[in-house]
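1. predicted structure and sequence below. I'll ask about it afterward.
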Amino acid sequence: MVNIRRVSPLEAKQLVDEGYTYVDVRTVEEFDTRHAEGALNVPIARMGRAGAEPNPDFLPVMQRLFVHDAKIVVGCAIGTRSLRAAEMLVGAGFQDVADQRAGMDGTRDPFGRLQEPGWASAGLPMARGADAGSYDRIKARIAD
């Protein structure tokens, strides 16, 4: 297993303020509901007929968007998909990737109690709806 730097939502915000790009790896639908302000959406999975399925374009899109020494923070809902995305990126040669471990919603213990607040519950800047960071706009931008 690759050693991935995992950061809190507040640490992720500080990294973004220092020039990192926040990449939200949740589905398009989740991103459109709410996302970190300024985030880009590159889903690691997409909704198919049978539910969630891997997005085969995840790595190719990331490789078109970023050079391997780009500063990237990845996030999802609770930290599971973002950790997988961070591992994939590091495995593909990306050198400066941090996983926002508590995601948008935060992590919970087996009894449902909040263990660590996520981006939203930490009160960090949010956006809603499709915007410049939406997956369709990103794909259109890199198609040129």
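-> Thanks, I have it.
2. if you count neighbours, what's buried in stretch 122-141?
-> For stretch 122-141, burial by neighbour count (16 or more other Cβ atoms under 10 Å) applies to 122, 124, 127, 131, 133-135, 138. The C-beta positions use only the backbone N, C-alpha and C, and glycine is treated the same way.
3. dump it to PDB, restricted to CA.
-> The C-alpha trace of stretch 122-141 is given here as PDB (Å, rounded to 0.1, in the frame of the first residue of the first chain):
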ATOM      1  CA  ALA A 122     -16.400  22.500   9.800                       C
ATOM      2  CA  GLY A 123     -18.000  25.600   8.300                       C
ATOM      3  CA  LEU A 124     -15.600  25.800   5.300                       C
ATOM      4  CA  PRO A 125     -16.600  27.700   2.100                       C
ATOM      5  CA  MET A 126     -19.200  25.800   0.100                       C
ATOM      6  CA  ALA A 127     -20.800  26.100  -3.400                       C
ATOM      7  CA  ARG A 128     -23.900  24.500  -4.900                       C
ATOM      8  CA  GLY A 129     -24.800  23.500  -8.400                       C
ATOM      9  CA  ALA A 130     -22.900  23.200 -11.600                       C
ATOM     10  CA  ASP A 131     -20.100  25.700 -12.000                       C
ATOM     11  CA  ALA A 132     -16.600  26.100 -13.600                       C
ATOM     12  CA  GLY A 133     -15.400  23.000 -11.700                       C
ATOM     13  CA  SER A 134     -18.100  20.700 -12.900                       C
ATOM     14  CA  TYR A 135     -17.000  17.500 -14.700                       C
ATOM     15  CA  ASP A 136     -18.700  18.400 -18.000                       C
ATOM     16  CA  ARG A 137     -16.900  21.700 -18.200                       C
ATOM     17  CA  ILE A 138     -13.600  20.100 -17.300                       C
ATOM     18  CA  LYS A 139     -14.000  17.400 -19.900                       C
ATOM     19  CA  ALA A 140     -14.900  20.100 -22.500                       C
ATOM     20  CA  ARG A 141     -11.900  22.200 -21.500                       C
END
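4. which other residues reach it?
-> The contact list for stretch 122-141, computed with Cβ atoms under 8 Å, 6 or more residues apart in numbering, reads 9-10, 13, 24, 28, 31-43, 57, 61, 65, 102, 119-120.
5. ok, stretch 4-16 next?
-> Outside of stretch 4-16, the residues within contact range by Cβ under 8 Å, 6+ apart are 20, 22, 36, 38, 71, 73, 75, 79, 83, 86-87, 90, 97-102, 116-119, 122, 124-125.
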